[in-house]
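Engineer: need coordinates for the below:
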Amino acid sequence: MKKIIPIIFLFCSFVYLQDEQPFPPLDLISIPTAGTLPKGMYAFETLLHGEGNILPEFLIGITNNFSIGFSFGLQGFVGTGDIKKNKSAPEINIKYRIYEETETFPALTVGFDTQGRGLYNKINERYDQKAMGLYLVASRNWSALGNLGFHFGINKNIIESKDGDEDINLFFGIDKEINRSFSILAEFNFARNDDKLLDSNNEISLRDDKGFLNLGLRWSATENILLELNFNDNLKNIKYLNNHDIQNPTIFKSRNRELKVMYVEQF
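Structural biologist: Just a heads-up that it's a prediction; the model follows:
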């Protein structure tokens, strides 16, 4: 019994004495939620992903229902070789919540986001995982030993259409608080607008038509700093080609990991 009491005390401390998350998630891993940045708050987010690439984003809450953001990706930021920018102009992220969540109805948000995930391919004029483009998302939260959120949405990408795949897409996800500072994230993007991409040299499909299953862990480390570790494309939907041998390209699949750091503050 004497050994059990300290263990219970440490567990309770871990669960209840951590810094509480400052606001509901604006996004899960790559899909949006109906959450917007509160009025007067700003956030600086940095995403570190494969091959030394970095994706900074600045967001600001104009009102409690309206927020905007700008991002600018750099390839090879860490490591050797030249640093390359994704595009010459920043990407934009606009969100407006048109309906507040009630006991019987989810919150509804419309948005426009041009920032995709992964590397930007200048030949195909698109990211590994396409941006949301125009979207509508619904979010509903419940209290179940910490917040439990469900998010469902529909989107149409109107900017990355050189591959000829302009289908309307669907996505959904959940976030669950483990305690006051840790949350687990899971999302599935059906990628209906991203299943026709071919390698231009070999006519090999670069998608398995499985969609994107992404998982993540978010930690509110302090009142102002959130850290997130993501594991993306767990179904290995994307095929990568080693085109050193054009006649016999090597096809391989791989999950990818990301580290996200977010700093939030109020004006």
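Engineer: the spatially closest residue to residue 63 that is not a sequence neighbour: neighbour count?
Structural biologist: The shortest distance from residue 63 to any non-neighbouring residue, by Cβ to Cβ, 6 or more residues apart in numbering, is to residue 39 (5.1 Å). Using the backbone N, CA and C atoms, a C-beta is placed for each residue, glycine as well. Neighbour count for residue 39, taken as other Cβ atoms under 10 Å: 15.
Engineer: need the per-residue pLDDT for residue 39.
Structural biologist: With respect to pLDDT, residue 39 scores 93.
Engineer: now the one 3 residues further on
Structural biologist: Per-residue confidence at residue 42 stands at 95 (pLDDT).
Engineer: kindly report the same for residue 51.
Structural biologist: Listed pLDDT for residue 51 reads 75.
Engineer: repeat that for residue 254.
Structural biologist: pLDDT, residue 254: 71.
Engineer: and for the one 3 residues further on?
Structural biologist: In the prediction, the pLDDT value recorded for residue 257 is 90.
Engineer: surely the residue nearest to residue 63 meets residue 266?
Structural biologist: No: in this structure, residue 39 is not within contact of residue 266 by Cβ atoms under 8 Å, at 9.4 Å.
Engineer: poorly predicted segments of the stretch 1-150 of the chain, please.
Structural biologist: By pLDDT under 70, the low-scoring segments of the stretch 1-150 of the chain are 1-23.
Engineer: all strands for it, in order.
Structural biologist: All strands of the stretch 1-150 of the chain, identified by DSSP state E, counting those that start in this stretch, fall at 41-49, 53-63, 66-71, 74-75, 84-85, 91-99, 107-113, 117-121, 126-129, 133-143, 147-156.
Engineer: format those strands as CSV; extra columns: distance to residue 254.
Structural biologist: Compiled in CSV, the strands of the stretch 1-150 of the chain are given as follows (distance: least, Cβ to Cβ, whole Å):
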stretch, distance to residue 254
strand 41-49, 12
strand 53-63, 15
strand 66-71, 24
strand 74-75, 17
strand 84-85, 21
strand 91-99, 25
strand 107-113, 25
strand 117-121, 11
strand 126-129, 11
strand 133-143, 26
strand 147-156, 25
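Engineer: redo those strands as CSV? Include distance to residue 174 and mean neighbour count.
Structural biologist: Shown next, in CSV, are those (distance: least, Cβ to Cβ, whole Å; neighbours: other Cβ atoms under 10 Å):
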stretch, distance to residue 174, mean neighbour count
strand 41-49, 21, 18
strand 53-63, 22, 18
strand 66-71, 22, 19
strand 74-75, 31, 17
strand 84-85, 34, 14
strand 91-99, 19, 18
strand 107-113, 15, 21
strand 117-121, 19, 20
strand 126-129, 19, 22
strand 133-143, 10, 17
strand 147-156, 6, 19
